[in-house]
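A.B. asks: fold the following and give me the result.
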Amino acid sequence: MRRWMAQIHGEMREMRMTIHRGFQDLVAAMAAQPHRPGGSVEGEVPGPSAAPPAPPEAPQHQRERGH
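C.D. replies: Reported below is the predicted structural model:
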């Protein structure tokens, strides 16, 4: 049982180090990218700047006021 737990502990430590190195690589890659203030990677996104207004509620769904 102890050997199994030691093996699991070692595998978890290795997994944690792999994730840590991957995260460091990702941060380094992002830092190497040129900064584009105010823009996105995709460039200008077509479409309306705001969501369209919600459609009016159907009469059968409106609640009566004052009851």
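
A.B. asks: quick one: secondary structure of residue 57?
C.D. replies: Here residue 57 is recorded as coil under DSSP: H, G, I helix; E, B strand; the rest coil.

A.B. asks: for it, what are its contacts?
C.D. replies: By C-beta atoms under 8 Å, 6 or more residues apart in numbering, residue 57 lies in contact with nothing. C-beta coordinates here come from the backbone N, C-alpha and C atoms, glycine included.

A.B. asks: that one and residue 7, how far apart?
C.D. replies: 62 Å (C-beta to C-beta, to the nearest Å).

A.B. asks: same check on residue 28?
C.D. replies: 32 Å.

A.B. asks: what's the answer for residue 34, then?
C.D. replies: Counting by C-beta to C-beta, the gap from residue 34 to residue 7 is 45 Å.

A.B. asks: more neighbours: which of these two?
C.D. replies: Per other C-beta atoms under 10 Å, whichever of residue 34 and residue 7 has more neighbours is residue 7, with 10 against 4.

A.B. asks: what's the spacing between that one and residue 16?
C.D. replies: 15 Å.

A.B. asks: which residues of the chain score low on pLDDT?
C.D. replies: 36-52, 58-67 (pLDDT under 70).

A.B. asks: that one: helices as residue ranges?
C.D. replies: 2-32 (DSSP state H).

A.B. asks: how near is residue 30 to residue 21?
C.D. replies: With C-beta to C-beta as the criterion, residue 30 and residue 21 are 15 Å apart.

A.B. asks: check residue 13 too.
C.D. replies: In terms of C-beta to C-beta, residue 13 sits 13 Å off from residue 21.

A.B. asks: give me the neighbour count for residue 33.
C.D. replies: With other C-beta under 10 Å as criterion, residue 33 counts 8.

A.B. asks: what does residue 8 give?
C.D. replies: Using other C-beta under 10 Å: residue 8 sits among 10 other residues.

A.B. asks: same check on residue 14?
C.D. replies: 10.

A.B. asks: and if you look at residue 32?
C.D. replies: Neighbours of residue 32 using other C-beta under 10 Å come to 7.
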